[in-house]
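A.B. asks: structure, please.
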Amino acid sequence: MLFSWTAPSGGAPPTSYVIEAGSATGLSDQANFSTGNTSTSFSAIILGSGTFYVRVKAVNASGTSPASNEVVVTSGNVVTVPGPTT
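C.D. replies: Predicted coordinates:
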C-alpha cells in the first residue's frame with residue numbers, strides 16, 4: 001500500500017514524518033513510527049484485509065506537529081493522506 005501526503009507549507013522544514021495507524025479513529029495501536037526521512041510517501045505491506053485510520057505528523061527542530069486529518073483506509077488501496085500543519 002502506498003501512502004502519500006503534502007509537506008507543510010509553513011514553519012521550519014520537516015526532518016522526518018511520523019505515521020500513525022489505528023484500528024479505530026484516534027488510535028495508533030496498529031502503527032506509530034518515524035519514516036526517518038523527508039520523503040512525502042511511504043510504502044507498506046499490509047497482510048490480510050482490514051480497515052485502518054491513518055494520519056501523519058511532521059517532525060522538525062521545533063518538535064512534532066499536530067496530526068493531519070485522519071483518513072480511513074481499506075487494505076489494497078493507494079492512499080493520499082492530508083499533509084500535517086505546523
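
A.B. asks: what residues sit buried inside stretch 17-24?
C.D. replies: Applying a neighbour-count criterion of 16 or more other C-beta atoms under 10 Å, one finds 17-22 buried in stretch 17-24. (Glycine included, C-beta is placed from N, CA and C.)

A.B. asks: quick one: the helix or strand where Ile19 lies to chain centroid distance?
C.D. replies: Ile19 is part of strand 16-22, with elements assigned from DSSP states H and E. Averaging C-alpha coordinates over strand 16-22 and over its chain gives two centres that are 4 Å apart (C-alpha atoms, centre = their mean, to the nearest Å).

A.B. asks: tell me where this structure has strands.
C.D. replies: With DSSP state E as the definition, the chain shows strands at residue ranges 2-4, 16-22, 31-34, 41-43, 51-60, 63-64, 71-74, 79-80.

A.B. asks: for the longest one, output the C-alpha coordinates as PDB.
C.D. replies: Yep, that's strand 51-60 we're talking about. In PDB, the C-alpha atoms belonging to strand 51-60 read as follows (Å, rounded to 0.1, in the frame of the first residue of the first chain):
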ATOM      1  CA  THR A  51      -9.800  -1.000   7.800                       C
ATOM      2  CA  PHE A  52      -7.300   1.400   9.300                       C
ATOM      3  CA  TYR A  53      -7.400   5.000  10.400                       C
ATOM      4  CA  VAL A  54      -4.200   6.700   9.300                       C
ATOM      5  CA  ARG A  55      -2.700  10.200  10.000                       C
ATOM      6  CA  VAL A  56       0.800  11.800   9.600                       C
ATOM      7  CA  LYS A  57       2.800  14.200  11.700                       C
ATOM      8  CA  ALA A  58       5.700  16.400  10.600                       C
ATOM      9  CA  VAL A  59       8.900  16.500  12.800                       C
ATOM     10  CA  ASN A  60      11.500  19.300  12.700                       C
END
